[in-house]
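> Let me see the structure of the following:
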Amino acid sequence: RTGDTLSSEKQKQLKNSPHILVTTPETLAITLTTKKLIEKFNAIEFIIIDEIHAMSNKRGVHMSLTIERLQELSAITPVRIGLSATISPLEEVARFLIGSEQECVIADVQFLKKTDIKVITPTEDLIEANIFEAHSKLYNLLDQLIEKHKTTIIFTNTRSATERVVHHLKEDFPKKYTENIGAHHSSLSKEKRFQIEQNLRDGKLKVVVSSTSLELGIDVGYIDLVILLGSPKSVSRALQRIGRAGHKLHETAKGRFVILDRDDLVECSVMAKAIKERKIDNIYIPKNCLDVLSQHIYSMAIQKVWNIDEMLSLIRKSYCYKHLEKSDFLSVISYLAGDYSLEERNVYAKIWYDSGTKQIGKRGKLARVISITNMGTIPDESFATVVIGSGEGKDSVIGKID
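Numbers count the residues shown, from 1 in each chain. Model (predicted):
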């Protein structure tokens, strides 16, 4: 159940409850404001967080509160399982996973996979080479690397760079790259992404260029080389990307950092050294984020009328809010209740709070709509849909551009 799930599929889930629900942190948080779905969460046995290293940010803070609320709805205490191949320190991640009131067993499975990692550049002299020469030689180097391998994934750091690399390879080598090359990133439509993934599994593609959307555990068939254009900015992210190659037992993960300037040379060389020495950068998990807290208080008020002390007690079960000051909590309550007279800035009261009864509830008929459309911590972006018109009324959606 994600943002891509059709309404008809969501209705089927309500009528015939699935045994296993695969979802995203944001969609899970949204479901907690849905009365009919909440009833389905009364006996959860397991909560599995895959790729838990991707949650070391405000998105993870948001998810930690969602899980505590999910457990509060369940009549039994679910077992929480966090999975990651590239995360450190394990003790900190374990505490983040289980909250402030449970215990945890850490399974540190040291599978030391063989790696073949190098830092290379298309130019002989990084200092003297101009940018036009560097980019010209870049695509020749990429072509040489692709030719020597069965299937290659090239990772860039932006969607625009992904499209640019595909365009230049097609333009510079028109006879080599036609139907055997593809782009994969989050702005493409679900159908286009799924088609690329299926073509990879079927062995139809020689090369795929991606921003970040292929670095997690998607089954994409056999890859024998990963190229990283520029620094991925962390050792764990580099490992995730390079790990796409040789993603089978006893295979070698082969990766090449391709750099164009001295800054990337230093960064990528340090990363390559850290990978060879089995060192992973430590994650940082934010604490007491009041913007995330305000979202959940609003969502909780939509779910039911709360006693303020019970609400604070539940929030403090999250590892990220274990030491939340009551004064900070009350300041968020005051803000949401409209105590700061911000109407002239179009900020209106969203909850009511009765200090006598210590009760909190939602305010307004559109509360659930407002909560759902503002849920999560992924930044807002504006997109334009790109469509190819067939002239016969059967338009094909290619994707979206920023």
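
> in what helix or strand does the residue lying farthest from the centre of the chain lie?
The outermost residue of the chain relative to its centre, with distances by CA atoms, centre = their mean, is G356 at 42.2 Å. Here G356 is covered by no helix or strand, with elements defined by DSSP states H and E.

> Over to P379?
Going by DSSP H and E, P379 is not in any helix or strand.

> What of F132?
Using DSSP H and E, F132 falls within helix 131-147.

> What lies in contact with that helix?
120, 122-123, 152, 154, 165, 168-169, 172-173, 176, 206-207, 225, 227, 256, 258, 260 (CB atoms under 8 Å, 6 or more residues apart in numbering). C-beta here means a position set from N, CA and C on the backbone, and glycine is covered the same way.

> List the buried residues of that helix.
For helix 131-147, a neighbour-count test (16 or more other CB atoms under 10 Å) marks A134, K137, L138, Y139, L141, L142, D143, L145, I146 as buried.

> try stretch 313-322
Along stretch 313-322, these residues count as buried under the neighbour rule (16+ other CB under 10 Å): L314, I315, R316, K317, S318, Y319, C320, Y321.

> Residues touching it, excluding its own?
Outside stretch 313-322, the residues that reach it (CB under 8 Å, 6+ apart) are 60-61, 64-65, 67-69, 72, 95-101, 285-289, 293, 296, 324, 329.

> on that earlier part again, would you mind measuring from the residue farthest from the centre of the chain to I308?
11 Å (CB to CB, to the nearest Å).

> where are the low-confidence patches of this structure?
110-112, 215-219, 380-382, 391, 393, 402 (pLDDT under 70).

> Quick one: the helices in it, in order.
Ranges of helices within the chain are 7-15, 25-31, 35-38, 58-73, 90-98, 131-147, 159-172, 190-201, 235-242, 262-276, 290-303, 308-315, 326-336, 367-373, based on DSSP state H.

> tell me what the third one is packed against?
Contact partners of helix 35-38 among helices and strands, from 3 or more CB pairs under 8 Å, 6 or more residues apart in numbering; DSSP states H and E: helix 7-15.

> Which residues does the helix it packs on contact?
R1, L21, K36, L37, K40.

> dump the residue contacts of the residue farthest from the centre of the chain.
For G356, the contact set (CB under 8 Å, 6+ apart) is empty.

> mind listing what's buried in stretch 370-379?
By 16+ other CB under 10 Å, the buried positions in stretch 370-379 come out as S371, I372, M375, G376, T377.

> List the residues that contact the fourth one.
Same thing as G376. By CB under 8 Å, 6+ apart, the residues touching G376 are P25, E26, A29, R59, H62, Q295.

> which other residues reach stretch 107-125?
With contact meaning CB under 8 Å, 6+ apart, stretch 107-125 is reached by 90, 129, 133-134, 137-138, 140-141, 242-243, 246, 251-260, 265, 268-269, 272, 275-276, 278.

> now stretch 85-93
Residues from elsewhere that reach stretch 85-93 (CB under 8 Å, 6+ apart): 52-53, 82, 84, 106, 108, 235-236, 239-240, 243, 280-283, 285.

> So among those, which ones count as buried?
Members of the contacts of stretch 85-93 classed as buried by 16+ other CB under 10 Å are 52-53, 82, 84, 235-236, 239-240, 243, 280-281, 283, 285.

> Return the two entries of the residues you listed that lie farthest from one another.
Maximum pairwise distance in the buried ones among the contacts of stretch 85-93, criterion CB to CB, is 22.8 Å, between G243 and I285.

> how near is E325 to S331?
Distance, E325 to S331, by CB to CB: 9 Å.

> ugh, typo on my part, it should be V79
Going from V79 to S331 by CB to CB gives 35 Å.

> Compare the two and say which is more crowded by neighbours.
More neighbours surround S331 than the other of V79 and S331, with 15 against 11 (other CB atoms under 10 Å).

> Give the closest residue to H296 in space, chain neighbours not counted.
L65 (4.7 Å; CB to CB, 6 or more residues apart in numbering).

> wait, what's in contact with the one you found?
Contacts of L65 (CB under 8 Å, 6+ apart): V292, L293, H296, I315, S318, C320, Y321.

> Just the closest of these to I388, please.
I388 has its nearest neighbour among the contacts of L65 in V292, at 39.6 Å by CB to CB.

> Any idea how many residues pack against the closest one?
V292: 23 surrounding residues under other CB under 10 Å.

> cool, and the one 10 residues further on?
I302 is flanked by 22 other residues according to other CB under 10 Å.
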